[in-house]
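Trainee: sequence first, predicted model second:
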Amino acid sequence: MSTIKFQATKVFSDTWAAINATIPNPLTGQPERKYKLIEQKGGTRSSKTWSDIQCIFLYGYNNPYEEIVVMRDTAVDCRDKVESEWIKWLRDPNCRVIQFQKGELNAEELNDFLAKESLVGYFDNNQSHHSWTFKHNKSKITFTGTDDPDRAIGKTQSVLWVNEPYKFPEEVFIQLTQRTSGFTIVDWNPKEDHFIERQRLKEDTITLQSTLLDNPFCPEQTKKQVLSYQPLSLCAAVTVHKLTTDQAYAYNLETNELKLSNKQLKELARCIKNRNQQSESYYHWMVYGLGEKAERPNRIFKWIEIPLDEYFKIDVETYYGVDWGAVDPWGVVEIKYYDGALYIRELNYDSENILRENMNDTDRAQISGLDEGIVRWLFKRLNIPFNRTLVCDNNRPAKILGLREAGWEYAMAADGLKAIKDGIDLLNNLKVYYTSDSKNLKHEQENYSRKIDRYGVVLEDPEDANNHLLDPTRYVAQYLRNEGIIRNI
């Protein structure tokens with residue numbers, strides 16, 4: 001076989017070293033894999049994805065008959081965002097396009113390098129299955145998601161790479177890693193609490209951290225944008241030399257009385273500029289610059305997680321909120337109101353499309369030919385009693401009518417769009433708890449945020465995102481207040 005050459009960063013070197021690290025087996029003394037999970041956390045453009053592409057290529061190239069699976073929460077997302085990057089790298093493994101953009105190569109030289117260095121020819125590509133099989137040793141790389149029922153749980157693989165697992169179900173992750181004989185790679189920007197942080201505690205896990213400064217191939221404009229977030233409070237003049245932010249802002253860069261290094265002076269000058277331009281952002285610098293977790297400054301809700309058994313012990317009437325979703329998540333929540341507090345449990349987050357894809361032939365036959373058949377099918381599957389109040393998104397009146405005709409006579413439409421701000425205020429004046437099995441609800445309440453204008457000012461209106469379970473929660477809360485069940489709010 002010919003020698004494979006490609007441009008790489010420190011992130012690749014660290015990851016490749018972790019993949020190949022061994023320790024002696026305590027019983028046999030033979031070397032065995034040291035790390036079963038390699039967690040890469042870091043800022044944007046630190047080359048995590050690019051380096052992982054290189055690692056799975058090299059691992060598959062060197063090891064015959066390996067089954068390598070690349071996953072995101074949905075197959076479409078994985079193929080659009082990861083497989084597309086894989087193809088770009090195969091066609092240009094030595095960053096010749098970047099050289100061309102910098103003026104270091106002309107068009108003829110660029111085309112000549114791309115023709116000679118492309119790695120696409122090493123593979124047989126099955127486009128319908130999104131799999132790439134090495135011609136010389138039959139190792140296969142497949143791009144898919146948790147919504148692919150044949151891949152999500154049940155099959156085995158030697159290598160698993162989970163890219164940005166923000167909505168990746170924890171149970172699916174556990175099942176997949178149990179069925180992974182070699183190692184698992186997870187790369188992400190730690191924007192929020194996540195189950196990966198619990199995996200970090202295991203002895204056979206290594207955490208690698210990186211920033212865009214570890215990537216010499218980062219586009220200059222992107223680098224400038226991210227560096228513009230760094231606040232004065234997080235520059236070395238403050239964190240190392242213990243100046244206050246006011247002292248740092250007024251520091252004389254020319255006399256340099258504290259003898260800051262050239263690197264520290266440049267950083268301080270940039271942070272002063274960031275303050276003057278009003279671009280500094282603690283949240284954006286922590287998450288996208290340093291790859292650390294930070295709370296959104298415009299976050300709306302801060303709810304409390306409780307064990308599921310504690311929720312079941314609350315013996316009061318249940319109410320249900322519904323937010324329809326054919327392509328987007330179809331949010332269904334069960335809610336209890338007790339002693340001035342709201343208690344929420346997530347019941348469904350799958351879209352209609354996903355539910356249909358995962359149905360067996362018997363289920364499909366049950367809903368065939370029925371008006372709003374999938375609505376009746378889901379609510380029966382969720383064991384929602386007929387005598388309960390269901391407060392539903394008002395933009396699908398036919399579905400609400402279908403629920404009533406099927407026996408849920410207390411299904412009703414929620415208040416209109418003008419009630420969003422009112423509902424947010426109502427929820428913020430209540431104690432709100434959610435159950436430990438409500439993973440998507442946890443994600444939404446952590447990330448539901450107010451809009452920010454181009455000057456960084458937090459606005460009153462919420463972003464139209466992360467609300468597929470929060471909206472139906474709001475519907476129910478407003479219904480309970482209108483009925484006088486929630487008082488003094």
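Mentor: Happy to help now that I have it. Numbers count the residues shown, from 1 in each chain.
Trainee: from Gln199, how far out is the residue nearest the centre of the chain?
Mentor: Centrality entry for the chain: nearest residue to the mean C-alpha point is Tyr166, 2.4 Å, by C-alpha atoms, centre = their mean. According to C-beta to C-beta, to the nearest Å, Tyr166 and Gln199 sit 15 Å apart. C-beta here means a position set from N, CA and C on the backbone, and glycine is covered the same way.
Trainee: what does Ile300 give?
Mentor: Ile300 sits 29 Å away from Gln199, taking C-beta to C-beta as the criterion.
Trainee: could you chop the chain up by domain?
Mentor: Domain ranges of the chain: 10-214, 230-278, 304-482, per automatic domain parsing.
Trainee: let's have the ones you listed in TSV, adding distance to Arg296 and mean pLDDT.
Mentor: Output for those, formatted as TSV (distance: least, C-beta to C-beta, whole Å; pLDDT from 0 to 100):
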stretch	distance to Arg296	mean pLDDT
domain 10-214	8	91
domain 230-278	15	94
domain 304-482	5	89
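Trainee: indicate which one of those is closest to Trp285.
Mentor: Among the domains of the chain, domain 230-278 comes nearest to Trp285, with 4.9 Å by C-beta to C-beta.
Trainee: now the end-to-end length of that closest one.
Mentor: With C-alpha to C-alpha, to the nearest Å applied, domain 230-278 spans 11 Å between its terminal residues.
Trainee: and it, how far from the chain's centre?
Mentor: 34 Å (C-alpha atoms, centre = their mean, to the nearest Å).
Trainee: how about stretch 165-176?
Mentor: 11 Å.
Trainee: which outside residues touch that stretch?
Mentor: With contact meaning C-beta atoms under 8 Å, 6 or more residues apart in numbering, stretch 165-176 is reached by 69, 71-73, 146, 152-153, 157, 160, 162, 184, 186, 188, 191-192, 194-196, 439-440, 443.
Trainee: all the helices of the stretch 51-200 of the chain, in order from the start?
Mentor: 75-78, 84-91, 96-101, 107-117, 149-152, 170-178, 196-199 (DSSP state H, counting those that start in this stretch).
Trainee: and those: which comes nearest Ala365?
Mentor: Using C-beta to C-beta, the helices of the stretch 51-200 of the chain put helix 149-152 closest to Ala365, at 18.4 Å.
Trainee: Val375 - that's part of a helix, no?
Mentor: Yes. Under DSSP: H, G, I helix; E, B strand; the rest coil, Val375 sits within a helix.
Trainee: distance of Val458 from Asn447?
Mentor: Taking C-beta to C-beta, one finds Val458 at 15 Å from Asn447.
Trainee: same drill for these two, tell me which one is more crowded.
Mentor: Between Val458 and Asn447, counted using other C-beta atoms under 10 Å, Asn447 has the larger neighbour count: 19 against 13.
Trainee: quick one on the thing from earlier: give me the buried entries from the contacts of stretch 165-176.
Mentor: Those of the contacts of stretch 165-176 that meet the buried threshold are 69, 71-73, 146, 152, 157, 160, 162, 184, 186, 188, 191-192, 194, 196, 439-440, 443, by 16 or more other C-beta atoms under 10 Å.
Trainee: keep only those of the residues you listed that are in strands.
Mentor: Taking DSSP state E, the ones among the buried ones among the contacts of stretch 165-176 that sit in strands are Val69, Met71, Arg72, Gln157, Leu160, Val162, Thr184, Val186, Trp188.
Trainee: could you work out the most separated pair of those residues?
Mentor: Among these, the pair separated by the greatest distance (C-beta to C-beta) is Gln157 and Trp188, at 19.8 Å.
Trainee: tell me what the helix or strand containing Lys263 is packed against?
Mentor: Secondary structure assignment for Lys263, by DSSP states H and E: helix 262-276. Where contact means 3 or more C-beta pairs under 8 Å, 6 or more residues apart in numbering; DSSP states H and E, helix 262-276 is packed against helix 236-239, helix 245-249.
Trainee: can you mark which positions in that helix are buried?
Mentor: Gln264, Leu265, Glu267, Leu268, Arg270, Cys271, Ile272, Asn274, Arg275.
Trainee: do the same with stretch 34-41
Mentor: Quick answer for stretch 34-41 (16+ other C-beta under 10 Å): Lys34, Tyr35, Lys36, Leu37, Ile38, Glu39, Gln40, Lys41.
Trainee: and stretch 229-240, by the same measure?
Mentor: With burial defined by 16+ other C-beta under 10 Å, the residues of stretch 229-240 counted as buried are Tyr229, Gln230, Pro231, Leu232, Leu234, Cys235, Ala236, Ala237, Val238.
Trainee: now the two most distant members of the residues you listed.
Mentor: Of all pairs in those, the most separated under C-beta to C-beta is Tyr229 and Ala237 at 17.0 Å.
Trainee: ok, Trp303 touching Tyr448?
Mentor: No. Trp303 is beyond contact range of Tyr448, at 10.2 Å (criterion: C-beta atoms under 8 Å).
Trainee: name the residues that touch the helix or strand Ile19 falls within?
Mentor: Using DSSP H and E, Ile19 sits within helix 10-20. Around helix 10-20, the neighbours that count as contacts under C-beta under 8 Å, 6+ apart are 34-35, 38, 40, 42, 46-48, 50-52, 54-55, 58-59, 183, 185, 206, 208, 210, 214-215.
Trainee: so what's His443 closest to, chain neighbours aside?
Mentor: Nearest-residue entry for His443: Lys167, 6.3 Å, with adjacent residues in sequence omitted and distances by C-beta to C-beta, 6 or more residues apart in numbering.
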